Structures are given as structure tokens and as C-alpha cells.
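Trainee: Next come a sequence and a model predicted from it.
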Amino acid sequence: MNKEFELLKAEGILGFYNSCEVTTIFIYNKQLKETFNFYTLISFEEKKHFSIDEKFLSDKQFNISNDLSLGIIQYNLNFNDAIKAYHNLLNNNYWGYKGEKLHTNNLIRLNKQFIKPNGSRNVPINSILKNNFHNGSYIIEFFDSQKSFPLNKLSKNMLGKICSFIKNIIPIDLEFISDRIGNIIFQFPSNLIELDYTPTEDWDGLNIKLVWDQRIINKNRYYLQVSDEFDEVITSFGITDKLVESEYKVITGNSNFSNNIYVIDSKNNLILSSKSISFMKELNLQMDFSTQYSENRSIRRSSSTDAKETIDQIEIVGQSNNRIKRDLDYIDWINRRKYKNEKEALARRLEFVQYGKNGNERIKALNDIRALINEHGREGVYLWDPYLTYQDIMDTLYYCKYSGVEMKAITSYDKKRRKVYKNDSKMSEQELNIFDWFDIQRNGFINSSNNLGINLEFRCQNTKFGWKFHDRFLIFPSSDTNPKVWSLGISVNGLGKEHHILQLVSNPQNIIDAFNELWVNLENEDCIIWRSQ
């Protein structure tokens, strides 16, 4: 394990390091008077060490609770002290500064990893590293696989607030990559070379310019590797070794798509530089211009509560699209197939499905919902629908095969919904008040199932509690910060009967937070329709 660290820090391997910048995000327990690691980054640098005391990056600490607060500290270590600190962490699971210990869980040291800079695709871990946008960096990571503290003390809502506080001070996004909370990372940026690159005139390779650190004399051990990829196919490839020249024309056969450039240290089996790039081959311009109309489009607006009329003015512009139509080539045909396959894959995963285009698809829609519940409902399943009844819950949540899973459901009741419920043939024809309707729902749960293994609470928003809502969601909370939410597009009682779209939501936690906020507002006996346990 020491060999990797000794190699990466060595002079002239990735850089000529002289110091380290240490950034520690910590949680302080006021009652215990102890400091706990939230995240620490040790970045090796070439600048000379200068002796300064640590500095707090925030004007004040973030208060998590009466006992817990969060702060961010930054300081510099000289090269030798950084080496001692690494070995102390490796051998004794200890990280400290000026004699004060930073408490950590048991950390597991991972093998060295090369982290590419963002290119054609973003690299998630770059959101918590320092300035990794040149050649890339190697890291040695001490991973907290327990996450027992502080995550076990923080709600998801509080964790989001903490991460927002951190992002406002330093460019570290631990909400996006929360699996790194509690970790300590040593970062070794690759600084020996700079690259400039352009496609060849015939788009059959790359022109590459190399600018080396002047302290690198022998370049015989380095080589240049270039490839191009499209549709998971390597469309071209080329290698140039012994990089003694400053400019190379690497003919690979193709540079139209996703180009990957690597500079490799063959002696040490290290990557000195990695680039993933795409070039713009053609440019289509869209231009707006003034029209022949001398006046704006006007829209008269009046309010029912205010007799005063307002007029909105919309400027009218013309459009010019000088895109030249051309015949389809092989790239167009491949992209069409990729789009079709991706669309079909979304449908297979039930991430985007249309119902009702070809008549009533009630059975298919219900079976798809039940399949989602049994695939994702191990840790809980919530249903949010303004027209939800016991029968809808029987048709969906009751098909969950996992015993004792927490189920929550929210419906609503007002004059509009009362008319719908009154017209249901299974309900009384008289005008129902909310408590009559509650009794009908409770009797439905009692008489329609033995409720074996069901852990359900069913709440109702009404005029006294909560707020009106419209959207319909199937929600799967998760303890591992990977929740999923589907938009139903229609109420459960209408699934498959007419056109609607079942669609995976891209920001599920926002929906879950909104659901939980309303759930808390309905924590009153006048809102509780049914508790199974």
C-alpha cells in the first residue's frame, strides 16, 4: 500500500510537489467537545510551503442542532508533514492537526484511482476534488464504509441544507456524491504536460501539440494513444511512442465522434493526461430579424376582482433557418436506431410508458404499477393522488409482496371530489360529509382484505388541514439516497382507461420532500382515514 503513495508523490512522476492544501469539513459535538470528519481533501501542490495558521472559510459555523455544528477549515502542510500524516492515517487510522484528533469511522484504503477531467461526459467525483480540469489526477482514498456518523444523525432534509451551505463557500458538492461523506482523499494532480489538439483537415485523426515541464528531460518512456468511439464501437485507434517531438499528426482513420487522448508513462504504468473531446464539424445558425409589422401584438387582460384593464405587449420577430437539407448518411441511421432503442428501453423499465392510445389498457397499466411496487418497494412505497380511495389502494399498494413495508397514502376531500365519490356506485347516493366517507373507506379496508402483512396509513387533505394538490405520484423512498418517483399522469381510478403517461421523475427527492411536508400537516385525527396497525 505504501508503494502507490511513494510512487505518486515522487518528484517528476506526476509533478514536483512541495506542499499540500488540506480542506476539512467537520462536525463539532458541543456536548462531547469532539470534532468529527465530514469530508477531508488533501491536495498536493507545487508551490512552496508557507507557514500560516489554519483559516475558517465560513464566517460562522452552521448549526445543525443544539449539540452539533458544522464548519470548514483550510490549512497547509509542508511535504514531509503530509507524508507523516498519510502514514499515521494508514497505520493508526488517525488524522489530526496541532494535536487535536479528527474523529473518523474505520476507514478502508482503496487502491490508487485515476480521475479523468470532465469532457464529453461529467465525472461525478470531480465535484469534490480541487480543480481537476487539466490532465486529471490520481487519488488515494480512505473510504468510510460505515457512515454511522454523521449520517445516522442527519435527516435527508438537513443533509441537503448542510450540503447547500458547503457549496456556497467552496466548490464541493457532497449532496451529489454523498457516498463520499466521511472520507479522506489524497489528490495528486498531473502537472507535467499540457496538450493542444485539433482535428486533421480530412477528419482522419488529430493534430496534437505537447508542452512539457522543462524539468522532464528523457521522454522515451512516454507514448500517446488516440482513439475515437461511436455507438460503443471503437471507430479508430493510433499510438505514437517516444514523445521527443512537440507536435504530432496522429492518423487514426476517424475523428468525427468522441475522441479519447491518453499520454501514458509506460515505465510506471501511469496516465499523465486524459482528454475526452468532440469537435463541431458543422454549424447551423438560426437568426431572428425584424418583421414588416410596425406594432406589437397586444393582449387585453382584465380581472374579475378589478375593473382595470391591462394590455400586454409582445414584440414580433421573424425567423430565418438557413440549415441546408441533406441526404441521410450512416450516422443519421445509427442515431435513429439508438433513439428507437432508448425509447423502447425506457418503456421496458417503465420509465416512460403511454397508455390509452389503442383503447382501454386498464389491466396493463395496473400490472405495470404492481411490477414497479414489487421491484422498488422493499423500503417503502407512498401514493399521492387527490382522488384516491380504498379500492385504488387495494388495486395497487396491496399487491406489494414485502411484509410490513411502510406504506403511506394521501388523498383529498372537497365539494368537487364529493360529487365524484357520490356517483360511485359502491357508495351512498346521499350527499356524503367527510366523516361518512371516511367510514366507507374504513369498512372497505376491513371487508376487502385480511390485511396480512400490511403496514399502511391513509391520510386525507381537507379544507382545515394541508393544501390542495393536483399531481399524482408513486413514490419509493430509500435509505441509500437513491429514491425513485413516478408521475402517474392520471388518478389511479383512471389508469389505462384513457391516454396518460407514466414517467420516471428526474428529481425524486424534491417530490418526496413535498409529500413529507404535506404528510406532517395532516398529522391530525380528523385527517386519518385508516391505520392498519
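Mentor: Cool, got the structure.

Trainee: Helices of this protein, start to end?
Mentor: 2-9, 79-92, 156-167, 330-348, 362-376, 390-395, 415-423, 434-448, 508-521 (DSSP state H).

Trainee: which stretch among those helices comes nearest residue 186?
Mentor: helix 79-92 (6.5 Å; CB to CB). All C-beta spots, glycine's among them, are computed from the backbone N, C-alpha and C.

Trainee: quick one: low-confidence parts of the stretch 351-500 of the chain?
Mentor: In the predicted model of the stretch 351-500 of the chain, residues 416-432, 479-481 satisfy pLDDT under 70.

Trainee: for it, what spans make up the strands?
Mentor: Here the stretch 351-500 of the chain has its strands, by DSSP state E, counting those that start in this stretch, at 352-355, 381-384, 406-412, 455-461, 473-476, 484-487, 500-504.

Trainee: The stretch 1-150 of the chain now?
Mentor: In the stretch 1-150 of the chain, the strands defined using DSSP E, counting those that start in this stretch lie at 19-29, 34-45, 55-56, 62-63, 68-78, 95-97, 100-103, 107-109, 113-115, 137-144.

Trainee: For the third one, which helices and strands make contact with it?
Mentor: Here strand 55-56 touches strand 68-78, going by 3 or more CB pairs under 8 Å, 6 or more residues apart in numbering; DSSP states H and E.

Trainee: Can you say which of the strands of the stretch 1-150 of the chain is nearest to residue 446?
Mentor: Checking the strands of the stretch 1-150 of the chain against residue 446 by CB to CB gives strand 68-78 as the closest, at 45.2 Å.

Trainee: Check the offset of the closest one from the chain's centre.
Mentor: Strand 68-78 sits 26 Å away from the centroid of its parent chain (CA atoms, centre = their mean, to the nearest Å).

Trainee: could you dump the strands of the stretch 1-150 of the chain to CSV with mean pLDDT?
Mentor: What follows is the strands of the stretch 1-150 of the chain, written out as CSV (pLDDT from 0 to 100):
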stretch, mean pLDDT
strand 19-29, 93
strand 34-45, 94
strand 55-56, 87
strand 62-63, 88
strand 68-78, 92
strand 95-97, 84
strand 100-103, 87
strand 107-109, 93
strand 113-115, 96
strand 137-144, 96
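
Trainee: Now render those strands as TSV, adding distance to residue 175 and mean neighbour count.
Mentor: As requested, the strands of the stretch 1-150 of the chain are exported to TSV (distance: least, CB to CB, whole Å; neighbours: other CB atoms under 10 Å):
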stretch	distance to residue 175	mean neighbour count
strand 19-29	12	20
strand 34-45	12	21
strand 55-56	22	10
strand 62-63	14	15
strand 68-78	13	18
strand 95-97	23	17
strand 100-103	22	14
strand 107-109	21	17
strand 113-115	19	16
strand 137-144	16	22
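
Trainee: closest one to residue 130 among the ones you listed?
Mentor: strand 34-45 (4.5 Å).

Trainee: Would you give the sheet partners of the closest one, along with the direction of each?
Mentor: strand 19-29 (antiparallel), strand 100-103 (parallel), strand 184-189 (parallel) (DSSP bridges).

Trainee: looking at the strands of the stretch 351-500 of the chain, which is buried most?
Mentor: strand 381-384 (a mean of 24; mean count of other CB atoms under 10 Å).

Trainee: tell me how far it is from the chain's mean position?
Mentor: On the basis of CA atoms, centre = their mean, strand 381-384 is displaced by 22 Å from the centre of the chain it belongs to.

Trainee: same deal with stretch 30-43?
Mentor: The chain centre lies 25 Å from the centre of stretch 30-43; the measure is CA atoms, centre = their mean.

Trainee: Equivalent analysis for stretch 240-249, please.
Mentor: Centre-to-centre, stretch 240-249 and its host chain are 40 Å apart (CA atoms, centre = their mean).

Trainee: For that stretch, measure first residue to last.
Mentor: Counting by CA to CA, to the nearest Å, you get 9 Å between the two ends of stretch 240-249.

Trainee: what's the spacing between the residue most central in space within the chain and residue 113?
Mentor: In the chain, the C-alpha nearest the mean C-alpha coordinate belongs to residue 176, at 5.1 Å (CA atoms, centre = their mean). Residue 176 sits 18 Å away from residue 113, taking CB to CB, to the nearest Å as the criterion.

Trainee: before we move on, what about residue 469?
Mentor: Residue 469 sits 45 Å away from residue 113, going by CB to CB.

Trainee: got it, and residue 357?
Mentor: Distance, residue 357 to residue 113, by CB to CB: 47 Å.

Trainee: Repeat that for residue 387.
Mentor: Going from residue 387 to residue 113 by CB to CB gives 51 Å.

Trainee: ditto for residue 490
Mentor: 46 Å.

Trainee: ditto for residue 56
Mentor: For residue 56, the distance to residue 113 equals 30 Å [CB to CB].

Trainee: quick revisit: need the strands paired with strand 34-45 in JSON lines with distance to residue 266, can you?
Mentor: Output for the strands paired with strand 34-45, formatted as JSON lines (distance: least, CB to CB, whole Å):
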{"stretch": "strand 19-29", "distance to residue 266": "28"}
{"stretch": "strand 100-103", "distance to residue 266": "39"}
{"stretch": "strand 184-189", "distance to residue 266": "19"}
